[in-house]
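Enquirer: I'll drop the sequence and a predicted model, then ask my questions.
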Amino acid sequence: MLNFAEHKEALLQNMANNSVAIISSASLQVRNRDAEFPFRQDSDFFYLTGFTEDNAVLVLIKKADKNEIVLFCQPKVKEMEIWTGFRLGPDAAVEVLGVTEAHPIDDLHQRLPEYMADCGQVYAHWGNNKEWDNKIIHAIEKVKLKVRTGITAPTAMLAIEPLLHEQRLIKSQAEISLMAKAAQISAQAHIKAMKMVKPGMFEYMLEGEIRHHCAMQGARFDAYSSIVGSGDNACILHYTANDQEIKDGDLILIDAGCEINHYASDITRTFPANGRFSEEQKALYQVVLDAQLAAIEQVRPGNHFNHPHEAAVQVITQGLVDLGLLTGKVGELIESEAYKSFYMHKTGHWIGLDVHDVGAYKKDGQWRELEPGIVLTVEPGIYVAVDETSVDEKWRGIGIRIEDDVLVTDMGHQVLSKDVPKSIEDIQTLMA
Ligand code: GLY
Ligand code: MN
Ligand code: MN
């Protein structure tokens, strides 16, 4: 079970004495006219509350004598609930969410200055949303108007991210279990796509199959828009059009992962539409796979974030030289970043409540050390553009990425998404 009380408690611990933190829920986003996108709670707000309604604000107040946890949320209004569904309401929120007080969201404006009185610092997500910034600044102004009564007004507006995001980076056992479940479900979805693909299908059909599988396993939402790129579409790093016909001889790159209770998975596999890799596809695929395995090997406590990337770059550059796509000395090609014509992104990122999760990658200018409880992706690739005239024609239009979600453990690492095959032989056997 996610322990939201512990999440709030840890944040309060790390806040300065006499300070207040203000965290807003996400807002509904209009898709077109009266239709909205499915609501996704803000990850920071969810991490602290577990509350999945929009139009809510959490206020944490740290004072010398006591801490207070205040929630503002939509009031219970029967007529509104008939249209848009159940609301928890402030009365039930105190009990259900374990807050000290809860009030209707419309009271925020009036109450916020009261909570800020005699607080030195105001922590918030400054700079993300002007309207929200202005609301908080307006509340600070209201406190300032009262200083002649003996109240002191805040003197510092601080980013909440360094505190909260460092906390979120190290996952609890409960968080890891959710991520492992998301990765297992997504892994099976990738296997389904490999098994069902046939030349002549459209990319979005595989996207639909993955979505269907995840939903049937209880994962209602994707962690991000699925990438299903066949042929040279696999070379477009953020391809999401997914609208092309899959052809015999194509490789298909699928980058897709579901969320479980807001926790993400992020898996990429690349496989042949007809079940058999061509010689060129095999050769480049094996380089990416070797790079990925070498990078995963580097995931352990004490190594830093960039160690997996350095390992992947080494293997990929060597492989590109061996196959004749690059010429020169490996060390110099790495130094001059020549490999970036074919491998232009980093080897991974933190993953958690957000697919590109939070937490600093560097500390004091140095890559951060990996610690148990961090989950990161390892996702090297090789992408040879169709118009890459520097290489033999036979290599052009091949895009390959292999991505897994890897937990740092005391002993080294655990690959959460290991259930999807990735060796050439295993993929061909599965697809046969
Ligand atoms: N699916 C997004 C990424 O791999 O970073
Ligand atoms: Mn991905
Ligand atoms: Mn990723």
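Expert: It's in. Ligands and ions are numbered 1, 2, ... in the order given.
Enquirer: And the strand or helix carrying Tyr115, how far out from the chain middle?
Expert: According to DSSP states H and E, Tyr115 maps onto helix 108-116. Relative to its chain's centre, helix 108-116 lies at 33 Å (CA atoms, centre = their mean, to the nearest Å).
Enquirer: Over to stretch 404-412?
Expert: For stretch 404-412, the distance to the chain centre is 17 Å (CA atoms, centre = their mean).
Enquirer: on that earlier part again, could you spell out the sheet neighbours of the helix or strand just after the helix holding Tyr115, each with its direction?
Expert: The helix or strand immediately downstream of helix 108-116 is strand 121-124, counting by DSSP H and E. Its sheet considered, strand 121-124 pairs with strand 19-24 (parallel), strand 156-159 (parallel) by DSSP bridges.
Enquirer: could you dump the ones you listed to TSV with mean neighbour count and distance to ligand 1?
Expert: All C-beta spots, glycine's among them, are computed from the backbone N, C-alpha and C. Putting these into TSV (neighbours: other CB atoms under 10 Å; distance: least, CB to the nearest ligand atom, whole Å) gives the following:
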stretch	mean neighbour count	distance to ligand 1
strand 19-24	23	25
strand 156-159	14	24
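Enquirer: looking at those strands, which is closest to ligand 3?
Expert: strand 156-159 (25.0 Å; CB to the ion).
Enquirer: Next, count neighbours for whatever residue of the stretch 301-432 of the chain ends up closest to ligand 3.
Expert: Of the stretch 301-432 of the chain, the residue with the smallest distance to ligand 3, taken as CB to the ion, is Thr377 at 4.1 Å. Close neighbours of Thr377, defined as other CB atoms under 10 Å, add up to 26.
Enquirer: residues in contact with Glu123?
Expert: Just so we're on the same page, residue 123 is Tyr rather than Glu. Going by CB atoms under 8 Å, 6 or more residues apart in numbering, Tyr123 touches 15, 19-22, 158-160, 163.
Enquirer: Ok, Val228 next?
Expert: Counting by CB under 8 Å, 6+ apart, Val228 touches 193, 203-204, 206-207, 239, 242, 252-254, 256.
Enquirer: what do you get if the cut-off is 10 Å, keeping everything else the same?
Expert: 193, 197, 202-210, 234, 239-244, 246, 252-256 (CB atoms under 10 Å, 6 or more residues apart in numbering).
Enquirer: for Lys66, same thing?
Expert: Counting by CB under 10 Å, 6+ apart, Lys66 has contacts Thr100.
Enquirer: Which pair in the contacts of Tyr123 has the greatest spatial separation?
Expert: Val20 and Ala159 (14.0 Å; CB to CB).
Enquirer: who touches both of those two?
Expert: 123-124.
Enquirer: Spell out which parts of the stretch 301-432 of the chain neighbour ligand 1.
Expert: Counting by CB under 6 Å from any ligand atom, the residues of the stretch 301-432 of the chain lying close to ligand 1 are 349, 355, 379, 403.
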